[in-house]
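A.B. asks: Based on what follows, work out the 3D shape:
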Amino acid sequence: MAKILIVDDEAGIRELLSEILRDEGYDVALAENAAAARAARNAARPDLVLLDIWMPDTDGITLLKEWSAAGQLTMPVVMMSGHGTIDTAVEATRIGALDFLEKPIALQKLLAAVKRALQKGAIPPVHAELTLAAFTRAAPLRDLKKRLDQVALKSRVLLLKTGPGSLAELCARALHVPGKTWLDLASHAQPLALETLEQAAGGMLFADELAALTRLQQKNMAFALDRLEKFNLRLVAASVHTAVELIEAGFDEALARRLAEISIGAPGLTELKDEVPEIAAQILTHLIEAGEAPLRTLSTAALNALRSHAWNGGYAELRNAVRSLALGALEEDITAEEVLRLLAPQPSAMAQALPLNLPLREAREAFERFYFEHHLRLEHGNMTRLAEKTGLERTHLYRKLKALGVPLGRKGDEP
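C.D. replies: This next block holds a predicted model:
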C-alpha cells in the first residue's frame, strides 16, 4: 500500500484529498505546515508527497528546495496551488517536482497525477554536498545565501572575509553547480595545467584560507583567474586576514589586491551559535540520506551541547563531530553525554605527556613539545595560523619545531 503525505494549511482540502485517496486504497498522512511535513517525511518516508505552495510558515517551493539541497528529495512530489503561475510551475519542476496541480483539483486529474507519480517510484538520492540552500529556517544563513547569489550574478570571483569558525566551504558549495568539478586549490600540489581547467569547465575553484597557500598554489590561483571566463569557472576564496595583512605576511601582492576587489563578510560559527543546532541537524540528515550514517537523531540536550561548543575549526569540525557521533552512538537518540565525551578535552592528557620527575630543562622542552603538537592539531598543520597563535615569527617557529623534534605542518608549507 503506497504511503502518501498531503501537505496543506487548509484543513478542508486536507480532509477532502485524504478521503478520496483513502477510498482508493492509499495509506495517507496529513501535515498542516512545513514543520509538520518535515517531521512526517522523516518519520514515515512517504512514497509520494502532495505539497501546497502557499503556506504560512514556509512555502512549498522553499521546502522543496530544502529537501533537494539536503538530499531528501527521494520521493516524487506533486505541487498544488490555487494561485499558480507558469513561472511557479517551471521553478517547481526545475527544483525537482514531478507535476503541478491547480486548485480546485478535479478528481480525475488528482488520481491521474498520483498514479503517474507512483509509477515513477522512488527517486535515487543525489549525493551532493550540503549547501546553504538546505538552511531555510535560519535567517542569517538565508540572508548570506542571498548575498552570495547577488554577487555571483555579476562576478565569477568572490573573497569571503571570515571570522573564527569559518563557513567558507558551505558558502562556496552554495554557488557550486552539482555534478561539476570542485577543485580545492589548497590541496593541489602541482602546477595547474590548462587541461585541468578545461576538464573542470563549469565548476568551482576553492581556497579555504589564502594564508595557507604556498607560493606554487598562489601562482596556480593567478593562472586560473585569467581563465575563468574562458572555461566558465568560479573562484571562491576565504581568509581571516585583510589583503594588507596577507601582503605583509608574504602573500603575492598583485593577487591579494585582485582578490580583494569583490568581497563580502561571512559570519562564522562563533557568531552563529543559535544556528548551530539547525546546521548540525541538517548535517546529520544529509549523512543519513547519503547512506553515510545509520538512522540517528540528536536529542535536544545534545543539540544544546553542540551549541555551547566554540567550533574554532569551523564547519569542517562540526561536520566531523556529527559524523563521529552518528557512527559511534549506541542508541538511535544521540545524548548530550556522548557529545560532551567527544568534545571535552581529556583532563589527564597534560599529566601523561609531562612526567613531573624530569629536570627543569627537560620538563620545559616536554611542555613546549606538547604545546606545539597540540596547536598543530588544532590548526590542521597550518604553519601560518600556528605562527599567529603562538606569537612567533615563522622562521623562528620552524627552527623551534625542528629543535624539539616536532613534525612540521602541511606538506609543501615552507617558510
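A.B. asks: Determine the set of other helices and strands touching the helix or strand containing E362.
C.D. replies: Taking DSSP states H and E as the definition, E362 sits inside helix 360-378. Here helix 360-378 touches helix 349-353, helix 383-390, helix 394-404, going by 3 or more C-beta pairs under 8 Å, 6 or more residues apart in numbering; DSSP states H and E. Where you see a C-beta, it was placed from the backbone N, CA and C, and this is true even at glycine.
A.B. asks: which stretches of the stretch 51-200 of the chain form helices?
C.D. replies: 60-69, 86-95, 107-120, 139-154, 168-175, 194-199 (DSSP state H, counting those that start in this stretch).
A.B. asks: give me the low-pLDDT residue ranges for this protein?
C.D. replies: Across the chain, the ranges flagged by pLDDT under 70 are 84, 124-127, 345-356, 408-415.
A.B. asks: all strands for it, in order.
C.D. replies: 3-7, 27-31, 48-52, 77-81, 99-102, 157-162, 182-184, 204-207, 234-239, 263-266, 297-298, 333-334 (DSSP state E).
A.B. asks: hey, which of those is tucked in deepest?
C.D. replies: strand 48-52 (a mean of 27; mean count of other C-beta atoms under 10 Å).
A.B. asks: tell me which residues in stretch 249-268 are buried?
C.D. replies: 251-252, 255-256, 258-260, 263, 266-268 (16 or more other C-beta atoms under 10 Å).
A.B. asks: Can you give the distance from that stretch to the centre of its chain?
C.D. replies: Taking the mean of its C-alpha atoms, stretch 249-268 sits 22 Å from the chain's own mean (C-alpha atoms, centre = their mean, to the nearest Å).
A.B. asks: which residues sit against that stretch?
C.D. replies: Contact with stretch 249-268 is made by 140, 144, 147-148, 151, 155, 157-168, 171, 210-211, 213, 215, 218-219, 221-222, 225, 237-238, 241-243, 246-247, 311, 314, 384, as judged by C-beta atoms under 8 Å, 6 or more residues apart in numbering.
A.B. asks: Need the distance between the two termini of it.
C.D. replies: Start to finish, the residues bounding stretch 249-268 are 23 Å apart (C-alpha to C-alpha, to the nearest Å).
A.B. asks: same thing with stretch 150-162?
C.D. replies: OK, stretch 150-162 end separation, C-alpha to C-alpha: 18 Å.
A.B. asks: Give me the contact list for it.
C.D. replies: Contacts for stretch 150-162 (C-beta under 8 Å, 6+ apart): 148, 166, 168, 171-172, 175, 225, 228-229, 233-240, 242, 258-266, 268.
A.B. asks: Tell me which of the helices and strands packed on helix 360-378 lies nearest to H286.
C.D. replies: The closest of the helices and strands packed on helix 360-378 to H286 is helix 383-390. By C-beta to C-beta, the value is 27.9 Å.
A.B. asks: Which other helices and strands does the closest one contact?
C.D. replies: Against helix 383-390 (3+ C-beta pairs under 8 Å, 6+ apart) you get helix 360-378, helix 394-404.
A.B. asks: chain center to that helix: distance?
C.D. replies: 26 Å.
A.B. asks: hang on, the earlier thing: next, the angle helix 383-390 makes with the helix holding E362.
C.D. replies: 130 degrees (axes from the mean of the first three to the mean of the last three C-alpha atoms, to 10 degrees).
A.B. asks: residues of helix 360-378 that come out buried?
C.D. replies: For helix 360-378, by 16+ other C-beta under 10 Å, it's 369-370, 372, 376.
A.B. asks: what angle do it and helix 394-404 make?
C.D. replies: Using the same axes, to 10 degrees: helix 360-378 against helix 394-404 is 120 degrees.
A.B. asks: L101: what's it in contact with?
C.D. replies: Per C-beta under 8 Å, 6+ apart, neighbours of L101: 50, 78-81, 109-110, 113.
A.B. asks: what about it, distance to A112?
C.D. replies: Going from L101 to A112 by C-beta to C-beta, to the nearest Å gives 10 Å.
A.B. asks: And the nearest residue to L228 once chain neighbours are set aside, how far from V236?
C.D. replies: Nearest in space to L228, with sequence neighbours left out and distances taken as C-beta to C-beta, 6 or more residues apart in numbering, is R156 at 4.6 Å. Distance, R156 to V236, using C-beta to C-beta: 10 Å.
A.B. asks: before we move on, back to that, which among the helices and strands packed on helix 360-378 is found nearest to A31?
C.D. replies: Using C-beta to C-beta, these put helix 383-390 closest to A31, at 46.3 Å.
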